[in-house]
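A.B. asks: Here is my input; please provide its structure:
(one chain, ligands or ions: 1)
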Amino acid sequence: MSDTAIRHAESADISALLDIYNHYVLHTPITFDIEPRTRAQRQEWLDQFRSSGRYQCFVAAQGGKVIGWACSTRFKEREAYATSVETSVYCVPDHTGRGLGRQLYARLFEALQAEDIHRAYGGITLPNGASVALHERMGFRHIGTYREVGRKFGRFWDVALFERPVAALG
Ligand SMILES: CC(C)(COP(=O)(O)OP(=O)(O)OC[C@H]1O[C@@H](n2cnc3c(N)ncnc32)[C@H](O)[C@@H]1OP(=O)(O)O)[C@@H](O)C(=O)NCCC(=O)NCCS
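C.D. replies: This next block holds a predicted model:
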């Protein structure tokens, strides 16, 4: 992993970000999007991020190729929720289980600690052993589970909710 660079996402990353995400849209229940995102939709998503502030996106690149990303997005629209973010992290399938998710989340949370954010939340479609382990490892705590909250591939799926303080962890 020593040749892996973690940096803020840039406009030029759009194709890689789209490809990684759409792989999981099409083949897994990890995200509840069902139709692949278009480039325009993913561009709009990418446009929400800045190099500082509550909403940031980091990519991991190896030899110029983006192999994963982690980002923070608005948790809910109503104003008082602004101090909470939702975080997510995706690695390309052949780069999982090698510490990349941990590296991406560590960089994201390092950046978020400088911001006015109190809580971070992650929602994990079950089962997903790698994501549960990563969230627990990164200081998240399981706070509940929505039962059969979404239907994809003709069946219902549970989503486990994970929460962690942002400022309080060093
Ligand atoms: C979930 C994901 C981001 C984790 O990243 P990763 O690079 O594979 O995980 P890491 O190698 O950094 O490992 C993080 C922890 O999970 C554990 N872990 C990794 N893969 C695991 C698996 N398949 N089952 C159980 N634990 C696993 C590791 O041992 C490590 O724990 P430790 O630090 O206590 O030893 C990655 O697997 C991924 O992109 N999966 C598909 C997309 C996804 O599920 N995204 C999350 C949506 S909620």
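A.B. asks: Of all residues in the protein, which one is closest to the ligand?
C.D. replies: When scored by Cβ to the nearest ligand atom, the chain has G101 as its residue closest to the ligand, at 2.1 Å. Placement of C-beta: from N, CA and C, glycine included.
A.B. asks: residues in contact with that residue?
C.D. replies: By Cβ atoms under 8 Å, 6 or more residues apart in numbering, the contact set of G101 is G68, A70, V89, C91, A130, S131, L134.
A.B. asks: quick one: which of the residues you listed is nearest E115?
C.D. replies: Closest approach between the contacts of G101 and E115, by Cβ to Cβ: A70, at 15.0 Å.
A.B. asks: and K65, bridged to which residues?
C.D. replies: Q62 (DSSP bridges).
A.B. asks: Show the pLDDT at the spatially most central residue of the chain.
C.D. replies: Nearest to the mean C-alpha position of the chain, counting by Cα atoms, centre = their mean, stands S88 at 1.3 Å. The pLDDT attached to S88 in the predicted structure is 98.
A.B. asks: Which strand or helix spans the residue nearest to it when sequence neighbours are not counted?
C.D. replies: Sequence neighbours aside, C71 is the residue nearest to S88 in space, at 6.1 Å (criterion: Cβ to Cβ, 6 or more residues apart in numbering). Per DSSP states H and E, C71 falls inside strand 65-74.
A.B. asks: Paired strands for the following helix or strand past that strand, with orientation please.
C.D. replies: Next along the chain after strand 65-74, taking DSSP H and E as the criterion, comes strand 84-91. Paired strands of strand 84-91, with direction, are strand 65-74 (antiparallel), strand 119-125 (parallel) (DSSP bridges).
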